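>>> the sequence and its predicted three-dimensional model are supplied below.
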Amino acid sequence: MAWKEITLEIDGEEYPALMRGNEISVPYEGKEVITVKVNGSPQTVDSVSVDERDDVITLTVSAIAKERKKSDDESTEGGSTG
């Protein structure tokens, strides 16, 4: 799975970040992180690890539910009408 660029909001401040699955890497020097917004969607932080060499934190967030196409309960198969 490849990293994708996202916008991460921590305490009202936006940061460019990289996300792969439910792992987020972001340059950040600040206080404890409990909740964040990923591209505007609130997420709960499960764990945080800090790399103090270059002030990067790696967050693991709760699994992000994938959007599913809502069913309209109509068949997509061709059927006979007669």
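Cool, the structure landed.

>>> give the contact list for Gly40.
7, 9 (Cβ atoms under 8 Å, 6 or more residues apart in numbering). C-beta: built from backbone N, CA, C; applies to glycine.

>>> cutoff 7 Å now
Not one residue lies near Gly40 by Cβ atoms under 7 Å, 6 or more residues apart in numbering.

>>> from Glu52, how far out is the spatially most central residue of the chain?
Nearest residue to the geometric centre of the chain (Cα atoms, centre = their mean): Val38, 4.7 Å. Val38 is 24 Å from Glu52, where distance means Cβ to Cβ, to the nearest Å.

>>> now the element after the longest strand along the chain, going C-ward?
Scanning the chain for the longest strand, with DSSP state E as the assignment, gives strand 41-51. Sequence order places strand 56-61 as the next helix or strand after strand 41-51, per DSSP states H and E.

>>> list the neighbouring strands of that following strand plus their orientation.
With DSSP bridges as the test, strand 56-61 is paired with strand 23-27 (antiparallel), strand 41-51 (antiparallel).

>>> low pLDDT regions in the chain?
Within the chain, the ranges that satisfy pLDDT under 70 run 64-82.

>>> Leu8 - how many residues pack around it?
Here the number of neighbours of Leu8 (other Cβ atoms under 10 Å) works out to 23.

>>> list the beta-bridge partners for Pro42.
On the basis of DSSP bridges, Pro42 is bridged to Lys37.

>>> check the gap between it and Glu52 for me.
27 Å.

>>> likewise Glu29?
Taken as Cβ to Cβ, the span from Glu29 to Glu52 is 10 Å.

>>> thinking again about what came up before, spit out the contact partners of the residue nearest to the centre of the chain.
By Cβ under 7 Å, 6+ apart, the contact list for Val38 reads 6, 8, 19, 61.

>>> show the buried residues in these.
8, 19, 61 (16 or more other Cβ atoms under 10 Å).

>>> got those as JSON lines, with distance to Met1 columns?
Output for the buried ones among the contacts of Val38, formatted as JSON lines (distance: Cβ to Cβ, whole Å):
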{"residue": "Leu8", "distance to Met1": "18"}
{"residue": "Met19", "distance to Met1": "10"}
{"residue": "Val61", "distance to Met1": "15"}
